[in-house]
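Q: Just to be clear, the model below is a prediction. Sequence and coordinates:
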Amino acid sequence: MRENRGMEGDPVHRRNLEVALDPESGGRREVRGQIVDRRLQGYTFTGGRIVGPGPVHDMSAHLVLDVRTGRIEAASGAMALPAFPGTATTRFEGCRDVLPNLAGLAGLAAAGDLVAGIRAAIGRERGCYHLSTLVLAMAPLLRAALREPEPRDARFERAIELTACETGAGRVRLHGLLFEKRGQGQPRRARLAWGVDPGEMKLRQVVAEAAPELAPAPEAAAALEGVPLFGGFARAALERLGPLAGADELLELALALNAVVTQALVTVPSARDPRLEAGQNRAHGTCYMWRAGGPLESMPSGKLGGGRT
């Protein structure tokens with residue numbers, strides 16, 4: 001994927017999401033996904049670990065869809081690079097401990113309330129925030145697998161690149177680029193960018209461009225302007241972008257960008273999440289490792305040092 005053009009600010013964090021839907025075989029379709037996070041500069045002190053520039057997460061998931069029933073038949077995952085592999089510091093608990101919970105996705109209906117089912121199976125203390133984000137990004141392909149007319153022999157690929165940039169005074173600008181291709185059809189693209197001021201945590205200066213030639217989408221940009229980043233963002237984005245023609249990819253991109261906001265604020269030294277009181281942690285309650293009573297609950301998390309290396 002090409003570097004996001006028109007990117008503003010100094011890049012500090014980048015996320016790549018890749019998802020692929022295989023052609024039907026034996027009444028089943030398989031969906032595979034991978035999420036990779038890279039810290040681009042600086043050093044972060046997270047849960048007793050110093051994390052420098054480079055990859056910080058590399059996780060994958062594999063879902064099998066029974067096309068006849070429209071339900072997930074099997075689910076599994078792997079963590080080539082977890083945030084916490086399990087050491088004496090974490091009481092030998094690690095991110096990989098949640099991988100068996102992915103099996104709980106089996107039986108979920110792709111056309112039903114899939115998001116709620118995913119969150120119940122691998123959300124918060126039952127899962128990993130990054131792995132959950134990946135599986136949620138795979139959900140649209142599961143639905144697409146059922147909508148596709150027979151013969152379902154086309155491969156569907158989607159790639160998303162998300163970059164968080166520091167723009168000064170604690171402000172962050174998020175840039176997202178989506179590319180997808182179905183079989184021999186024309187590729188579709190979408191681009192979305194917005195600014196975040198930690199003092200108010202709302203979308204500002206939204207820029208949206210839609211596929212296939214990345215033409216400006218001013219209606220979509222206007223619809224997202226001022227939307228709060230927390231407290232019902234997904235619902236607000238769906239309500240505002242859902243009725244707009246040709247905005248499906250922009251909606252998916254908006255949800256993916258929202259998922260890196262916390263990661264971005266942790267990386268920017270002067271950013272402060274106004275939801276938190278002194279001493280609280282942005283990651284608290286977001287996953288198995290940061291659960292209440294978990295091994296990381298009392299550990300600090302935040303920026304140690306900046307500067308490009």
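A: Yep, it's here.
Q: Next up, the contacts around Pro187.
A: Taking Cβ atoms under 8 Å, 6 or more residues apart in numbering, we find Pro187 in contact with Phe179, Glu180, Lys181, Ala211, Pro212. Yep, even glycine has a C-beta here, placed from its N, CA and C like the rest.
Q: so what's it scoring on pLDDT?
A: The pLDDT attached to Pro187 in the predicted structure is 89.
Q: Ok, Val227 next?
A: Reported pLDDT for Val227: 95.
Q: Next one: it from Thr89, what distance?
A: According to Cβ to Cβ, to the nearest Å, Val227 stands 38 Å off from Thr89.
Q: now do Lys202
A: In terms of Cβ to Cβ, Lys202 sits 37 Å off from Thr89.
Q: mind listing the strands for the stretch 51-200 of the chain?
A: Along the stretch 51-200 of the chain, counting by DSSP state E, counting those that start in this stretch, strands occupy 54-66, 71-81, 156-168, 171-182, 188-196.
Q: Which among those is found nearest to His284?
A: Distance to His284, taken as Cβ to Cβ, is lowest for strand 54-66 among these, at 18.3 Å.
Q: Val227 and Thr89: which has the busier surroundings?
A: Val227 (20 against 14; other Cβ atoms under 10 Å).
Q: Please list all residues in contact with that one.
A: Going by Cβ under 8 Å, 6+ apart, Val227 touches Lys202, Leu203, Phe233, Ala236, Ala237, Arg240.
Q: per the record, what domains does this structure have?
A: By the assignment in automatic domain parsing, the chain contains the domains 15-152, 155-272.
Q: Just give the number of residues close to Ala215.
A: Residue neighbour count, defined by other Cβ under 10 Å, stands at 11 for Ala215.
Q: Leu224 versus the nearest residue to it once chain neighbours are set aside, what's the distance?
A: Nearest residue to Ala215, sequence neighbours excluded (Cβ to Cβ, 6 or more residues apart in numbering): Glu209, at 6.3 Å. Separation of Glu209 from Leu224 (Cβ to Cβ): 13 Å.
Q: Those two - which one has more neighbours?
A: Between Glu209 and Leu224, counted using other Cβ under 10 Å, Leu224 has the larger neighbour count: 25 against 21.
Q: any chance you could read off phi and psi for that one?
A: The phi and psi values for Leu224, taken as degrees, to the nearest 10, are phi -90, psi -20.
Q: Need the three-state assignment for the residue lying closest to it once chain neighbours are set aside.
A: The shortest distance from Leu224 to any non-neighbouring residue, by Cβ to Cβ, 6+ apart, is to Val206 (4.7 Å). Of the three states, Val206 takes strand according to DSSP: H, G, I helix; E, B strand; the rest coil.
Q: What is the burial count for Val206?
A: As a burial measure, Val206 scores 20 neighbours (other Cβ under 10 Å).
Q: for the nearest residue to Leu251 once chain neighbours are set aside, what are its contacts?
A: Take Leu251 and drop its neighbours on the chain: the residue closest to it by Cβ to Cβ, 6+ apart is Leu241, 4.4 Å away. By Cβ under 8 Å, 6+ apart, the contact set of Leu241 is Ala220, Ala223, Leu224, Ala247, Leu250, Leu251, Ala254.
Q: Please apply the same query to Leu17.
A: Per Cβ under 8 Å, 6+ apart, neighbours of Leu17: Gly33, Gln34, Ile35, Thr133, Leu134, Ala137, Arg158, Ala159, Ile160, Leu162, Ala256.
Q: just to revisit the earlier point, for the contacts of Leu241, pick the one with the most neighbours.
A: Among these, Ala254 has the most neighbours (other Cβ under 10 Å), with 30 neighbours.
Q: How about the backbone phi and psi for it?
A: Per-residue torsions, Ala254: phi -60, psi -40 (degrees, to the nearest 10).
Q: For it, which non-adjacent residue is closest in space?
A: Nearest residue to Ala254 in three dimensions, chain neighbours excluded: Ala237, at 4.8 Å (Cβ to Cβ, 6+ apart).
Q: Verify the stated contact: Leu203 with Gly226.
A: Yes. Counting by Cβ atoms under 8 Å, Gly226 is a contact partner of Leu203 at 6.4 Å.
Q: And those two? Which one has more around it.
A: Between Leu203 and Gly226, counted using other Cβ under 10 Å, the more crowded position is Leu203 (25 against 12).
Q: tell me the mean pLDDT over stretch 296-309?
A: 60.
Q: Redo the contacts of Pro187 as JSON lines? Include distance to Val56 and neighbour count.
A: Formatted as JSON lines, the contacts of Pro187 follow (distance: Cβ to Cβ, whole Å; neighbours: other Cβ atoms under 10 Å):
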{"residue": "Phe179", "distance to Val56": "23", "neighbour count": "19"}
{"residue": "Glu180", "distance to Val56": "26", "neighbour count": "22"}
{"residue": "Lys181", "distance to Val56": "28", "neighbour count": "17"}
{"residue": "Ala211", "distance to Val56": "30", "neighbour count": "20"}
{"residue": "Pro212", "distance to Val56": "33", "neighbour count": "12"}
